[in-house]
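In: take a look and give me a structure for this.
(chains A and B)
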There are 2 protein chains.
Amino acid sequence: MEQVSANRAFNGVQGVYKHASAETRTEMTFSVFVPPHADGETLPVVSYLSGLTCTHANVTEKGEYRGACAELGLIFVAPDTSPRGEGVPDDPAGAYDFGLGAGFYLDATQPPFDRHYRMWSYVTEELPALIADNFPADMSRQSIMGHSMGGHGALTVALRNPGRFKAVSAFAPIVAPSSVPWGEKALAGYLGEDRAAWRGHDAVALIEDGARVPALLVDQGAADPFLEQQLRPELLQAACEAAGMPLTLNMRDGYDHSYYFISTFMADHLKWHAQRLR
Amino acid sequence: MEQVSANRAFNGVQGVYKHASAETRTEMTFSVFVPPHADGETLPVVSYLSGLTCTHANVTEKGEYRGACAELGLIFVAPDTSPRGEGVPDDPAGAYDFGLGAGFYLDATQPPFDRHYRMWSYVTEELPALIADNFPADMSRQSIMGHSMGGHGALTVALRNPGRFKAVSAFAPIVAPSSVPWGEKALAGYLGEDRAAWRGHDAVALIEDGARVPALLVDQGAADPFLEQQLRPELLQAACEAAGMPLTLNMRDGYDHSYYFISTFMADHLKWHAQRLR
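Out: Residues are numbered from 1 along each chain as shown, chains lettered A, B, ... in the order given. You can find the predicted model right below:
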């Protein structure tokens, strides 16, 4: 692991790091904010998964999380959204919603994507091991959050790793990729046409199939242009109700899909995580 | 004036606008955050002048000011750092510290820069008039702040417009451009070799010549790579002491010149401004 940059912020350190990933067979870049803490102290870890077109940099620059993480004593980890680099196949037409910047947090089974697109194993195994080894992290106190495609990632990762995360939250998540255009394209492209294989990467299907998380918070902008066709939080709400799983779903009047929305509610989410990570 | 974008944030509106500037004879872009407020209410205005290489976008995306402005009821205005567009001359060698992105908040007298580089008149006259006409602004309650080259701008604008600004603050400002490489290059290039003309755009010289501001706050990173050669806050400190003008200068251990530094102390600065704008 190599440090790309380190900047003091809110009395902690905002770092950016890169490493050769065994999973993706590429160099991967991620950011970590470590808040001020006592020597030898270990801290809970919040992982943040980003949305389509993003790298680690978007939330690092625009997410406005450092003040709250410093106050609450949280390590904040932000990986990239896909493998990148020479030899990594992209969307054949260069579309923004598949391929580079759009890994959908799964292990692809379809060539040519199966060689590098292993974001599931990367964010669930390889990156956490790196964080545990290199930062003052208490890996027994983890939570996860994400935005849009990263909300999908946070939900599915938490649902399929029971006991690992104390809490999961999302901004404007894709909750049912099997049922929306972004997801149908991605799941077919990465996993093939057999829809049975998609259920393991569809939060609503996972809940229908019995998966649970201990605490779930979702904020959704009511003026989000992707709300009705791609995000469909009502499907998550129905699945949680049917399963008897608690969900706090905040619809936010006037808010869109951008980091102006995310940054507005970031501190609220982090306080909610911190309460569950104590 | 045309609205480029408007995003709801912290219950207010973060807008970006463009207009044909009579001063710079170019299209100019700026951002304005209007916090939540009652119908008919007018609000104090904080202008933020950015540093070398920036546009309005840097602080708008990375400055982390919206939460504090929403809480304190402050309008936040962020102009560009130079004219831009076809026909606007740049540094002959394309350097970052002169020409595009480096207007130094003065009216150039030297050809070919004198035709478009009129950032002094733009930020002191044309833009405030536009803000007064188009936003719920109480122009009797203004303050100004800036970063690096924009700290130079904020200091000189406030010093030469007594009574207009209730407070002025800066992050890592250029305080004595006549005495540092960035400033010597810019002042010579825009104003010519006669150093007498430079004193009107040098905060330390203006204080020596009798100009005063009512309240002055500066934060400076002690690990700023530009500290010793370009910023030299000790010159401002000495000038303020000699003049009997109060200055709060906070040296911040470990902090550099970046928006990680600025965003850390932005809310503190805005609270300090708000106290003086009530």
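
In: can you pull the pLDDT of the residue nearest to residue A:98 when sequence neighbours are not counted?
Out: Nearest residue to residue A:98, sequence neighbours excluded (CB to CB, 6 or more residues apart in numbering or on different chains): residue A:91, at 4.2 Å. C-betas here are computed from N, CA, C, even on glycine. We note a pLDDT of 97 for residue A:91 in this prediction.

In: how near is residue A:91 to residue A:113?
Out: 10 Å (CB to CB, to the nearest Å).

In: shared neighbours of those two, anything?
Out: residue A:99 (CB atoms under 8 Å, 6 or more residues apart in numbering or on different chains).

In: those two: who's more crowded?
Out: residue A:113 (23 against 16; other CB atoms under 10 Å in any protein chain shown).

In: show me what contacts the more buried one?
Out: Contacts of residue A:113 by CB under 8 Å, 6+ apart are A:89, A:99, A:189, A:190.

In: swap the cut-off to 6 Å and go again
Out: A:89, A:190 (CB atoms under 6 Å, 6 or more residues apart in numbering or on different chains).

In: now swap in residue A:251 and tell me
Out: Going by CB under 6 Å, 6+ apart, residue A:251 touches A:220, A:222.

In: go again with 10 Å.
Out: For residue A:251, the contacting residues are A:218, A:219, A:220, A:221, A:222, A:224, A:227, A:233, by CB atoms under 10 Å, 6 or more residues apart in numbering or on different chains.

In: who's the closest residue in space to the last one that isn't next to it in sequence bridged to?
Out: The reference is to residue A:233. Closest residue in space to residue A:233, ignoring its immediate chain neighbours: residue A:220 at 5.0 Å, by CB to CB, 6+ apart. Beta bridges link residue A:220 to residue A:251 when assigned by DSSP bridges.

In: if I look at residue A:220, how far off is chain B?
Out: Computed as CB to the nearest CB, to the nearest Å, the residue A:220 to chain B distance reads 13 Å.

In: so the closest residue to chain B within the stretch 101-250 of chain A, which state does it fall into?
Out: Residue nearest to chain B within the stretch 101-250 of chain A (CB to the nearest CB): residue A:223, separated by 7.1 Å. At residue A:223 the chain is in coil, as set by DSSP: H, G, I helix; E, B strand; the rest coil.

In: correct me, but it touches residue A:260?
Out: No. With contact defined as CB atoms under 10 Å, residue A:223 does not count as touching residue A:260 (11.1 Å).

In: give me the common contacts of these two.
Out: With CB under 10 Å, 6+ apart as the test, residue A:223 and residue A:260 both reach B:7, B:8.

In: those two: who's more crowded?
Out: residue A:260 (25 against 14).

In: what's near enough to touch that one?
Out: A:62, A:64, A:221, B:5-10, B:12-14, B:33, B:60-61, B:66.

In: which PyMOL command selects the buried ones in these?
Out: Per 16 or more other CB atoms under 10 Å in any protein chain shown, the buried members of those correspond to this PyMOL selection:
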select buried, (chain A and resi 62+64+221) or (chain B and resi 7+8+9+10+12+13+14+33+60+61+66)
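
In: just the ones of the contacts of residue A:260 in helices?
Out: Of the contacts of residue A:260, the ones assigned to helices by DSSP state H are A:62, B:60, B:61, B:66.

In: most neighbours, which of the contacts of residue A:251?
Out: residue A:221 (27 neighbours).

In: what's near enough to touch the spatially closest residue to it that is not a sequence neighbour?
Out: Once flanking residues are discounted, residue A:221 sits nearest to residue A:255: 3.2 Å by CB to CB, 6+ apart. By CB under 10 Å, 6+ apart, residue A:255 lies in contact with A:171-172, A:219-224, A:261-262, A:264-265, B:7-9, B:11.

In: make it 7 Å
Out: Residues in contact with residue A:255 (CB atoms under 7 Å, 6 or more residues apart in numbering or on different chains) are A:221, A:222, A:223, A:261, A:264, B:8.

In: and the third one, what pLDDT?
Out: What that stands for is residue A:223. 98.

In: cool, and the fifth one?
Out: Confidence per residue is given as pLDDT, and for residue A:264 that number is 98.

In: let me see the contact set for it.
Out: A:255, B:9, B:10.

In: pipe the residues you listed into TSV and attach distance to residue B:270 and pLDDT per row.
Out: Putting the contacts of residue A:264 into TSV (distance: CB to CB, whole Å; pLDDT from 0 to 100) gives the following:
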residue	distance to residue B:270	pLDDT
A:255	22	98
B:9	15	98
B:10	12	98
